[in-house]
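pasting the sequence and the predicted coordinates here, then a few questions.
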Amino acid sequence: MATPNYGYEKRQKELAKKKKKEEKLKEKAQRKVEDGSPDTGEENPPNDAQPDAAA
């Protein structure tokens, strides 16, 4: 009996995960275009909240 090719299985799993991630990003970009507003998922702090560089 042949031994299982774990490297092949791992590669296939990685490719499937990569494809799914790319599709998700593509859909997110499409929603962003349709919505017309930036959707970064994070809030930007106000300019005065930056760390003090002079110290």
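Cool, the structure landed. Numbering: from 1, shown residues only.

can you give me the distance of Lys17 to Leu25?
Applying C-beta to C-beta, to the nearest Å, the value for Lys17 to Leu25 is 13 Å. Placement of C-beta: from N, CA and C, glycine included.

so where's this structure shaky on pLDDT?
Within the chain, the ranges that satisfy pLDDT under 70 run 37-55.

can you map out the strands along it?
Here the chain has no strands by DSSP state E.

where along it do the helices fall?
If DSSP state H is used as the criterion, the helices of the chain fall at 6-35.

please point out which parts of stretch 12-24 sit buried.
For stretch 12-24, a neighbour-count test (16 or more other C-beta atoms under 10 Å) marks nothing as buried.

and Ala16, how close does it get to Glu9?
11 Å.

intersection of neighbour lists for these two?
When contacts are counted by C-beta atoms under 8 Å, 6 or more residues apart in numbering, Ala16 and Glu9 have no shared neighbour.

and Glu34, how many neighbours?
Glu34 has 8 neighbouring residues, counting by other C-beta atoms under 10 Å.
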